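**Q** sequence-free structure coming up:
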């Protein structure tokens, strides 16, 4: 579907008078409060020949431009939808040019604006079965956060399996199941180019366990096993450049530099596994104090 005339006029007006200049801050949500850095807009910038960063300081959103249209990977918070559409238009990507939306995991701070962008562009959303359920529920009954992170529900157009590829305009995206943050966590790899040389980009999902109940979790008995499986998968990725849904998770201080300076995929997984082991030790010593939501 194509955006309505009213939406097109609105986008044109936004382009004439940018509403999301660098350093502006997106509004706070009513039901979910987030860090200001997650809402602080930054000017779009190029990472590789086809890959652009169009997210905020604290939450990644990537735009990959191909000869057959564009691909959006993650989006940030729900209130980022208009900003992302504006950023895409400024880079020469009209709403109808966006063909695919890929994502990492189904939490409000990464999948929040997907439904709005899907409506405005007609792009097809690609996910796996685990995440598709949470996307359709808009985050309702999350394993760890209950109903505290709700976002507009998303319809998934294509389900992918581990290792399956998605192609657009000669760019091939491979999905890797890395269940070390949510059961449906996905990482994506593709080959771009920079300075005349191939660049294997790995957009690797979060590997953290923020407040998660890891010991004797009745709803998720094999949670630790899945984390180990996710770490192993990340270490094996083709990874000249690591990018993550939270830039700082991989060591990239975006507020200081637009040039990604990040960990290797192996180092990223090793660091996350050490953090998991520490949390496990703490919870085994005092399991009764753990939030078991």
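**A** Looks like it arrived, so ask away. Please read all numbers here as calculations on a predicted model, not as lab measurements. Numbers count the residues shown, from 1 in each chain.
**Q** and stretch 251-268, what's buried?
**A** Neighbour-count burial for stretch 251-268 flags 251, 252, 254, 260, 262, 263, 264, 265, 268 (criterion: 16 or more other CB atoms under 10 Å). Just so you know, the C-beta spots here come from the backbone N, C-alpha and C atoms, and that holds for glycine as well.
**Q** next step: the residues you listed restricted to helices.
**A** Within the buried residues of stretch 251-268, residues falling in helices by DSSP state H are 265, 268.
**Q** could you dump the buried residues of stretch 251-268 into TSV with pLDDT added?
**A** Shown next, in TSV, are those (pLDDT from 0 to 100):
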residue	pLDDT
251	94
252	95
254	91
260	91
262	89
263	95
264	97
265	98
268	98
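**Q** could you single out the nearest of the buried residues of stretch 251-268 to residue 51?
**A** Nearest to residue 51 among those is residue 260, at 10.2 Å by CB to CB.
**Q** which ones are touching the residue lying closest to that closest one once chain neighbours are set aside?
**A** Excluding its sequence neighbours, the residue lying closest to residue 260 (CB to CB, 6 or more residues apart in numbering) is residue 252, at 5.2 Å. Residue 252 makes contacts with 243, 244, 260, 261, 262, as judged by CB atoms under 8 Å, 6 or more residues apart in numbering.
**Q** which one is the second one nearest to, not counting chain neighbours?
**A** Computed as CB to CB, 6+ apart, the closest residue to residue 244 that is not its neighbour in sequence is residue 250, at 4.3 Å.
**Q** what are the ranges of the strands in this structure?
**A** 45-46, 51-53, 62-66, 69-73, 98-102, 124-127, 158-159, 165-168, 171-177, 186-194, 197-203, 241-243 (DSSP state E).
**Q** name the helices or strands packed onto the third one?
**A** If I follow you right, that is strand 62-66. strand 51-53, strand 69-73, strand 171-177 (3 or more CB pairs under 8 Å, 6 or more residues apart in numbering; DSSP states H and E).
**Q** deepest of the ones you listed, which one?
**A** Highest mean neighbour count among the helices and strands packed on strand 62-66 (mean count of other CB atoms under 10 Å): strand 69-73, with a mean of 24.
**Q** could you tell me the average pLDDT over that one, please?
**A** Average pLDDT, strand 69-73: 99.
**Q** could you check the angle strand 197-203 makes with it?
**A** Computed by axes from the mean of the first three to the mean of the last three CA atoms, to 10 degrees, the angle separating strand 69-73 from strand 197-203 equals 40 degrees.
**Q** run through who's touching strand 69-73.
**A** Under the contact criterion CB under 8 Å, 6+ apart, strand 69-73 has outside partners 60-64, 84, 88, 93, 97-104, 117, 123, 168-169, 171, 173, 188, 203.
**Q** how about a cut-off of 6 Å?
**A** 62, 63, 64, 93, 97, 98, 99, 100, 101, 102, 168, 203 (CB atoms under 6 Å, 6 or more residues apart in numbering).
**Q** what would those look like in TSV with neighbour count, pLDDT and distance to residue 284?
**A** Listed next are these as TSV, based on neighbours: other CB atoms under 10 Å; pLDDT from 0 to 100; distance: CB to CB, whole Å:
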residue	neighbour count	pLDDT	distance to residue 284
62	21	98	38
63	23	98	43
64	26	98	43
93	22	98	49
97	17	98	52
98	23	98	47
99	18	98	47
100	22	99	43
101	26	99	40
102	24	98	37
168	18	98	46
203	26	98	33
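**Q** quick one: residues contacting the residue most central in space within the chain.
**A** For the chain, the residue nearest the mean C-alpha position is residue 74 (3.6 Å; CA atoms, centre = their mean). Shown in contact with residue 74 (CB under 6 Å, 6+ apart): 60, 61, 103, 104, 110, 245.
**Q** residue 61 too?
**A** When the contact criterion is CB under 6 Å, 6+ apart, the partners of residue 61 are 54, 55, 74, 75, 76, 84.
**Q** shaky segments in the stretch 151-293 of the chain?
**A** Residue ranges of the stretch 151-293 of the chain with pLDDT under 70: 287-293.
**Q** 80 - rerun?
**A** When residues are selected by pLDDT under 80, those of the stretch 151-293 of the chain lie in 286-293.
**Q** and what of the stretch 1-150 of the chain?
**A** 1-23, 27-32.
**Q** what is the neighbour count of residue 138?
**A** As a burial measure, residue 138 scores 19 neighbours (other CB atoms under 10 Å).
**Q** please report the distance of the closest residue to it other than its chain neighbours from residue 128.
**A** Leaving out its chain neighbours, the residue that sits closest to residue 138 by CB to CB, 6+ apart is residue 153, at 3.9 Å. Residue 153 sits at a distance of 17 Å from residue 128 (criterion: CB to CB, to the nearest Å).
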